[in-house]
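[1] Give me coordinates for this.
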Amino acid sequence: MVKRDSMSFVFTGSGTGKAIAPEDFVATSATITPPGFSWLHVHKEETTTPSLLADAGLDSFVIAALIADETRPRCTVHGKGVLLNLRGINLNPDSEPEDMVSVRLWLEHTRIIGVWGRPLLAVQDLADTVARGEAPRSPGDFVAKLALRLTDRAEPFVAILNEEIDTLEEAVIDPNAHVSRSSLGGLRRKAIVLRRYFVPQRDALTTLEIEDLGWLDANDRARLREAAERVQRFGEELDAIRDRAQIVHDQIMDNRAEAMNRRMLLLSIVSAIFLPLGLLTGLLGINVGGMPGVDDPRAFWVVCLGLFVLAGALILLFRKLGLFRT
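    Prediction:
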């Protein structure tokens, strides 16, 4: 059972902060002045979440976007704030990493409101920085650190996909090696699903970086740009993995077609050799009078010898015609 505990913090803007009760977030946020800011993170399935978001002064457009069932990465400036949706690798137990987890954020100068549906380790990383005295110093610092942590969590999984396709490429070189098409298809599916979210996530981070927002300083923009470039690199690597998987699939099919052709060639040669031999033995086996050698005890062996000679001659002829070359 996934815990649905909400959490809320107040930050001083100097790297320190403290936890507060989520129900005190609205009252506390009203008293904060820059460089301080607050952060509320609530579960979208909690019955109190819509009312809590409404009490925080968010309009219906923002509330609907934060608690939507399905989201894609995007960045939208709305009024005095920014609606930012991002995705992170799913590292929860018994989950598929490519089933990416969304984090929905409403960003303002002095407060951050986030909504989550499933736990995301990158968000927990930021919450853990408070206890270490390394809390974010501004909303810009918060979102920059979050974007970089999302890429940090995603990079090992993309590297694993690269290693898997490398292994399959090496295995398919050997025509006799068995390469599972199901594992290849699963790898390609993972690359396609991840790319579907990484490409718009790059656009969302790039959009946020170029927006004229007072709480984003030059350092924050540089880190957002770095995160966007890393996400773009992930997208390019996933494109390459998808294309390499298609090449491996084509090679598997070529190997199978070549093996089938060799078997069919062998069967064709055997059939071509035994066709005239069968014709002769069938002709000699008809029950009519006048068959040569019927009364000669050596006739059977003469016929067998003739068949061996004929088979050898056919084999030599097929070799000369190049039918044995594959």
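[2] what are the ranges of the strands in this protein?
    For the chain, strands defined by DSSP state E occupy the ranges 7-11, 17-20, 37-43, 74-78, 81-88, 101-107, 111-116.
[3] Send me the first one as CSV with only the CA atoms.
    In CSV, the C-alpha atoms belonging to strand 7-11 read as follows (Å, rounded to 0.1, in the frame of the first residue of the first chain):
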residue,chain,number,x,y,z
MET,A,7,4.4,17.1,3.3
SER,A,8,5.0,20.8,3.6
PHE,A,9,8.1,22.9,4.3
VAL,A,10,9.1,26.5,4.8
PHE,A,11,12.6,27.6,3.5
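[4] Summarise which helices and strands that strand is packed against.
    strand 17-20, strand 37-43, helix 121-131 (3 or more Cβ pairs under 8 Å, 6 or more residues apart in numbering; DSSP states H and E). For every residue, glycine as well, the C-beta is placed using N, CA and C.
[5] Tell me which of the strands of the chain lies nearest to L208.
    Evaluated with Cβ to Cβ, the strands of the chain place strand 74-78 nearest to L208, the distance being 4.6 Å.
[6] and the angle for the closest one with strand 101-107?
    20 degrees (axes from the mean of the first three to the mean of the last three Cα atoms, to 10 degrees).
[7] mind starting the numbering at 21 from now?
    Renumbered: residue one is now 21, and that last one reads strand 94-98.
[8] in its sheet, what does strand 94-98 sit against?
    strand 101-108 (antiparallel) (DSSP bridges).
[9] Need the CA coordinates for stretch 78-97. PDB is fine.
    Provided in PDB are the C-alpha atoms of stretch 78-97 (Å, rounded to 0.1, in the frame of the first residue of the first chain):
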ATOM      1  CA  LEU A  78      -5.400  28.500  -7.300                       C
ATOM      2  CA  ASP A  79      -8.000  28.800 -10.000                       C
ATOM      3  CA  SER A  80      -9.900  26.000 -11.600                       C
ATOM      4  CA  PHE A  81      -7.500  25.700 -14.600                       C
ATOM      5  CA  VAL A  82      -4.500  25.200 -12.400                       C
ATOM      6  CA  ILE A  83      -6.300  22.800 -10.100                       C
ATOM      7  CA  ALA A  84      -7.600  20.700 -13.000                       C
ATOM      8  CA  ALA A  85      -4.100  20.500 -14.400                       C
ATOM      9  CA  LEU A  86      -2.500  19.500 -11.100                       C
ATOM     10  CA  ILE A  87      -5.000  16.700 -10.300                       C
ATOM     11  CA  ALA A  88      -5.500  15.400 -13.900                       C
ATOM     12  CA  ASP A  89      -5.300  11.600 -14.300                       C
ATOM     13  CA  GLU A  90      -3.000  11.700 -17.300                       C
ATOM     14  CA  THR A  91      -0.300  14.400 -17.900                       C
ATOM     15  CA  ARG A  92       2.500  15.000 -20.300                       C
ATOM     16  CA  PRO A  93       5.600  17.200 -19.600                       C
ATOM     17  CA  ARG A  94       4.800  20.800 -20.300                       C
ATOM     18  CA  CYS A  95       5.600  24.300 -19.100                       C
ATOM     19  CA  THR A  96       2.800  27.000 -19.100                       C
ATOM     20  CA  VAL A  97       3.000  30.500 -17.700                       C
END
